[in-house]
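Student: What shape does this take:
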Amino acid sequence: MDVTLGMLWLPILVSAVVVHIASFLVWMVFPHHRSDWAKLPDEDAFAAEVNRQGPRMPGQYSIPHATSGADWKTEAFQEKMKRGPVGFVIFQPSGPPQMGKSLILHFVHCIVIGVFAGYLGTLALDAGAHYGKVFQVVGTAAILGWGGALPVQANWFGHSWSSTIKSLFDAVFYGLLTAGVFGWLWP
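Tutor: This is a model prediction of the structure:
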């Protein structure tokens, strides 16, 4: 019997809850991500200069900034690249973090990964499939969903490889949790 995505609503929701709780533990209880972000040498002076320059709106900024491929080729831009600093800065809205909104969006992300991992499972597995096979197929999709783009952030946008590798371990953990739930609740 073919399995439809509609038949997987329970493993999708349960895996989303399990991963949501696990990610809370990973980020709030376990210590391995505490060193992912460094303090600027003079944070107050940096903040004052940013405020003076005006990027008060949230967004992503690059330094130096080129608006086109032609800009990259100019001697002035190449000199800025050599002189530095070279990097990317992300600003969020001022004020306390909006934890409610972020938690809801994270839970939606957990559901989306469960939907796609489950969808792949419906293409490869029939009803009554063995736990191990469900674990293998859905787990592979979930690990790719959680971690597939992380190396891009390190390779192209300067995220540290140590933080990326830790996040890849998290992705495997979340993927295995998703696989376990789907294997347990597979129709």
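
Student: Which pLDDT value goes with the residue of the chain most remote from its centre?
Tutor: Of all residues in the chain, residue 75 has its C-alpha farthest from the mean position, at 35.9 Å, by Cα atoms, centre = their mean. If you check residue 75, the pLDDT there is 93.

Student: Equivalent analysis for residue 187, please.
Tutor: 96.

Student: Please report how far it lies from residue 130.
Tutor: 13 Å (Cβ to Cβ, to the nearest Å). The way it works is simple: take the backbone N, C-alpha and C, and place the C-beta from them, glycine included.

Student: and if you look at residue 23?
Tutor: When residue 23 is compared with residue 130 (using Cβ to Cβ), they lie 28 Å apart.

Student: Tell me which of these two has more neighbours.
Tutor: In this view residue 23 and residue 130 are compared by other Cβ atoms under 10 Å, and residue 23 has more residues nearby, 20 against 11.

Student: how about that one, what does it touch?
Tutor: By Cβ atoms under 8 Å, 6 or more residues apart in numbering, the contact list for residue 23 reads 106, 110, 170, 174.

Student: host element of it?
Tutor: Element membership for residue 23 (DSSP states H and E) is helix 9-28.

Student: Return the backbone torsion pair for residue 59.
Tutor: phi 160, psi -180 (degrees, to the nearest 10).

Student: Neighbours of it, how many?
Tutor: Residue 59: 10 surrounding residues under other Cβ under 10 Å.

Student: How far does the helix or strand that contains residue 156 sit from its chain's centre?
Tutor: In the assignment (DSSP H and E), residue 156 maps to helix 150-157. Between the centre of helix 150-157 and the centre of its chain there are 11 Å (Cα atoms, centre = their mean, to the nearest Å).

Student: same deal with stretch 172-187?
Tutor: Remark: stretch 172-187 is offset 19 Å from the chain centroid, using Cα atoms, centre = their mean.

Student: Check what contacts it and list those residues.
Tutor: Contacts of stretch 172-187 (Cβ under 8 Å, 6+ apart): 3, 7-8, 10-11, 14-15, 18-19, 22-23, 26, 113-114, 117-118, 121, 125, 127-129, 131-132, 134-136, 138-140, 142-147.

Student: buried set for that stretch?
Tutor: 173-183, 185-187 (16 or more other Cβ atoms under 10 Å).
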